[in-house]
Every structure is written in C-alpha cells, then in structure tokens.
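Asker: give me the fold of what follows.
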Amino acid sequence: MQKGDGNRNNTSMDWKILIDIATMASPIIGVAAIIVALMISHRSSRDAQKQIDTIQKSTKKQLDAMREQMDVFMASQAPDMIESLSQYEQQLADLDEEIEAAVEEYNIVNPFYGLGGARIDDIDYEYKKKGQTQNIAALKQKRKAVKRQIDLINSFLRKK
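Answerer: I've put the predicted structure just below:
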C-alpha cells in the first residue's frame with residue numbers, strides 16, 4: 001500500500017510541477033506570440049507597401065500613355081475644331097445682332113398704351129411685350145450655350 005501512495009504522490013507532484021512551469025511560462029509564451037505577430041505584420045505591411053508602389057507606378061504609366069493618345073487625337077482634331085470655332089463665333093455674332101434688335105423693339109413704347117381708350121389694344125400690347133421678353137430670354141440662353149461651346153473649344157486649343 002505504501003508503494004501505491006508514493007506513486008500517487010509522485011504523480012501529483014509531477015502535475016504540480018508541470019502546472020507551476022506552465023504558469024510561469026505563460027507570460028513568456030504570450031510575449032513571444034506578440035513578437036512573432038508583430039514581425040509577421042511588419043513583413044505583411046512591407047509587402048503591401050511594395051504592392052501599392054507597384055500599382056502606383058503601373059497606373060502612372062497607363063495614365064501617361066492615355067494622355068499621349070489623347071494628345072495625338074486632339075492634334076488630329078484641331079483643324080475641325082478651328083472650323084467649328086469660326087462657325088460658333090459667327091453664330092454668336094448673329095445672336096448678338098438678334099438680341100440687340102429684339103431689345104430695341106422691346107424698348108419701343110406705344111404712345112397710346114394706357115390712355116383708357118381701346119382696351120383690346122392695351123391687352124395686345126401687353127401680350128406682345130411678354131412675347132418679346134420671352135424671345136429675348138430664349139435668345140440669351142442660346143447665346144450662353146454658344147458661348148460655352150466657344151470657351152470649350154478655346155480651352156482645348158490652348159491645351160494643345
């Protein structure tokens with residue numbers, strides 16, 4: 001019986017020693033795991049940075065190639081653009097004349113308006129003025145669109 005108790009004592013003593021060793025080694029293992037994780041993350045971030053740099057270089061090359069192609073295309077389109085520019089400038093001049101004529105017509109005052117005479121004439125005069133105002137507004141919108149086209153073409157030609 002004594003032998004069995006001694007054997008059990010040794011076994012429980014072995015477990016106690018193992019538990020004590022594990023308890024003392026646990027913080028050391030934790031620190032080692034953190035160090036390994038930091039080393040791996042550092043390597044991964046370095047690899048990721050290399051990939052980002054490679055992608056940036058590749059993207060820059062692609063953009064440069066696209067810009068070069070656009071420059072070639074723009075150079076081939078310049079004569080057409082110059083022709084379009086002169087047409088838009090002529091449209092702008094024509095619109096300016098139309099607007100000026102419409103404004104002059106609008107500024108003509110009916111000397112008989114509001115004298116209390118024929119009311120139908122007064123109503124017709126008001127409709128005419130309203131129509132003239134709308135016509136002037138439409139002409140100005142058209143002029144604005146033509147001017148925008150001229151500005152776009154000029155900015156294109158300046159970049160060339």
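
Asker: and the strands in the chain?
Answerer: Using DSSP state E, the chain contains no strands.

Asker: and the residue nearest the centre of the chain, how far from residue 104?
Answerer: What sits nearest the mean C-alpha location of the chain, by Cα atoms, centre = their mean, is residue 63, with 16.5 Å. Distance from residue 63 to residue 104, counting by Cβ to Cβ, to the nearest Å: 53 Å. For glycine as for every other residue, the C-beta is placed from the backbone atoms N, C-alpha and C.

Asker: circling back to that earlier point, from residue 78, how far off is the residue nearest to the centre of the chain?
Answerer: 22 Å.

Asker: low-confidence stretches in the protein?
Answerer: Low-confidence segments of the chain, defined by pLDDT under 70: 1-9, 111-118, 160.

Asker: now the helices: where do they sit in it?
Answerer: Here the chain has its helices, by DSSP state H, at 2-107, 119-159.

Asker: return the most buried member of those.
Answerer: Of all those, helix 119-159 carries the top mean neighbour count, a mean of 13, counting by mean count of other Cβ atoms under 10 Å.

Asker: which strands or helices does it pack on?
Answerer: Counting contacts by 3 or more Cβ pairs under 8 Å, 6 or more residues apart in numbering; DSSP states H and E, helix 119-159 is packed against helix 2-107.

Asker: mind checking how far the helix it packs on is from the chain centre?
Answerer: Relative to its chain's centre, helix 2-107 lies at 17 Å (Cα atoms, centre = their mean, to the nearest Å).

Asker: and that helix, what does it pack onto?
Answerer: Secondary-structure packing of helix 2-107 (3+ Cβ pairs under 8 Å, 6+ apart): helix 119-159.

Asker: got the angle between the helix it packs on and helix 2-107?
Answerer: Angle of helix 119-159 versus helix 2-107, following axes from the mean of the first three to the mean of the last three Cα atoms, to 10 degrees, is 130 degrees.

Asker: so how far is helix 119-159 off the chain centroid?
Answerer: From the chain centre to the centre of helix 119-159 is a distance of 31 Å (Cα atoms, centre = their mean).

Asker: mind checking how far the residue nearest to the centre of the chain is from residue 101?
Answerer: Counting by Cβ to Cβ, the gap from residue 63 to residue 101 is 50 Å.

Asker: and residue 120, by the same measure?
Answerer: Between residue 120 and residue 101 the computed distance is 27 Å (Cβ to Cβ).
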